[in-house]
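# 3D model of this:
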Amino acid sequence: MGTFFDFIVEHLAQFLQFTAFANLTVGHVIMICVGLAFIYLAIAKEFEPMLLIPIGFGILVGNIAFAPGYQIGVYESGSVLNYLYFGVLQGIYPPLIFLGIGAMTDFSALISNPKLILIGAAAQLGIFGAYCLALALGFSPTEAGAIGIIGGADGPTAIFLSSKLAPDLMGAIAIAAYSYMALVPVIQPPVMKLLTTKKERLIRMKPPRAVSKTEKVIFAIAGMLLTTFIVPSGLPLLGMLFFGNLLKESGVTKRLADTAKGPMIDIVTILIGLTVGASTQATTFLTLKSIGIFALGAASFVVATFGGVMFVKIINLFLKEGNKMNPLIGNAGVSAVPDSARVSQVVGLEYDKTNHLLMHAMGPNVAGVIGSAVAAGILLSFLA
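Numbering: from 1, shown residues only. So this is what the prediction gives:
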């Protein structure tokens, strides 16, 4: 009887050693709380639920403490999560996301008013500002380049660039990028209001002109050729973006466009969110570098918003009355489509309930998508 009891106790103790309770650390608890916070923000506050729920649940999955060697975790070769994470590590998922974005994006506002692309370019100041700050804080040039792209407010681009330049920081960079994308409605309005006067916020812009189908098709082809000739290293992102847009605007590939902007982008979003979240294992994620990356990410968003708004104020100095642009659309130069454009609309309506800025803001917003991909290509070309 004693021998049987000893056998039970011994094997029960052995079993307990392999449970998450036995392997749990304070770091795991902290990350589980972060994951729960993401899920709360997505459900209760509706902050980017399509992103934060997969990422938040992925954080929970990645921080179930386990004994190594059982092919469970995202970093263990041969595990299911490791195979799914391959698409992140090798930069496969981001171009597929860009294909879907292209298939759902209407570039009419940008085509009708081409100077809006300059706002999208000015907002990339956040990328290069964060790059310089990261260098000053002691990050290597490749790490600084990967961190800087957070300022573009473009999660897929951040993942693509970090997979090439700083794979070991990818989890922190991706989480920071998606977190601040979700917080665009919180971060940007105070900066926009601080930099503008009441008179500027009341500026009315002329309605955008109608854009023909031919112009849209030409833009998709010419846009791809021009941007990739300038920055060939951005081809995986820019090529897929304009290819998706051509599927949409050609009018003869509706099924392909619907697949790209529907089931395909949804599947890839689930995979990228879950695996990026799972990559935040406390043992590899909770470092001083991760904290620095989050701080730099916040700074880059502020700088990007500053760059876009101030550029509109400067360009208005050279425009005649009646042709001036409302500086509140400057924030939309970051590529968080369409959230930053909605912020322009919401802030504008606070001061004039009849002044709708959404269509105008969509111009710099989609320009920001192109701009962040071009900036990523530039960083990749001289840092890789």
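
# any low-confidence regions in the stretch 1-150 of the chain?
1-2, 4, 6-7, 9, 11 (pLDDT under 70).

# Let's verify residue 204: helix, strand, or coil?
coil (DSSP: H, G, I helix; E, B strand; the rest coil).

# That one against residue 326, yeah?
Yes. Using C-beta atoms under 8 Å, residue 204 is in contact with residue 326, at 7.5 Å. (Each C-beta comes from the backbone N, C-alpha and C, glycine too.)

# More neighbours: which of those two?
Shown here are residue 204 and residue 326; by other C-beta atoms under 10 Å, residue 326 has more neighbours (24 against 15).

# okay, now the residue nearest to the more buried one when sequence neighbours are not counted: neighbour count?
Nearest residue to residue 326, sequence neighbours excluded (C-beta to C-beta, 6 or more residues apart in numbering): residue 203, at 4.2 Å. Neighbourhood size, residue 203 [other C-beta under 10 Å]: 21.

# Residue 203 and residue 316, how far apart?
Distance of residue 203 to residue 316, computed by C-beta to C-beta, to the nearest Å: 8 Å.

# so what sits against both of the two?
Common neighbours of residue 203 and residue 316 (criterion: C-beta atoms under 8 Å, 6 or more residues apart in numbering): 324-325, 327.

# Mutual contacts of residue 204 and residue 326, please.
Taking C-beta under 8 Å, 6+ apart as the contact rule, residue 204 and residue 326 both touch residue 355.

# thought residue 348 was touching residue 327?
No. In this structure residue 348 lies outside contact range of residue 327 using C-beta under 8 Å: 10.2 Å.

# joint contacts of these two?
Listed as contacting both residue 348 and residue 327 by C-beta under 8 Å, 6+ apart are residue 201.

# Run through the residues that contact residue 123.
Per C-beta under 8 Å, 6+ apart, neighbours of residue 123: 304-305, 307-308, 311, 330-334, 364, 368, 371.

# Now render those residues as CSV, adding neighbour count and distance to residue 352.
Shown next, in CSV, are the contacts of residue 123 (neighbours: other C-beta atoms under 10 Å; distance: C-beta to C-beta, whole Å):
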residue, neighbour count, distance to residue 352
304, 36, 25
305, 31, 21
307, 24, 25
308, 34, 20
311, 22, 22
330, 32, 17
331, 35, 17
332, 37, 18
333, 35, 22
334, 36, 23
364, 35, 20
368, 32, 24
371, 26, 28
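
# Out of those residues, which one has the weakest pLDDT?
On pLDDT alone, residue 334 ranks lowest of the contacts of residue 123, at 88.

# Which residue is the nearest non-sequential neighbour of it?
In space, and not counting its chain neighbours, residue 334 is closest to residue 153: 3.8 Å by C-beta to C-beta, 6+ apart.
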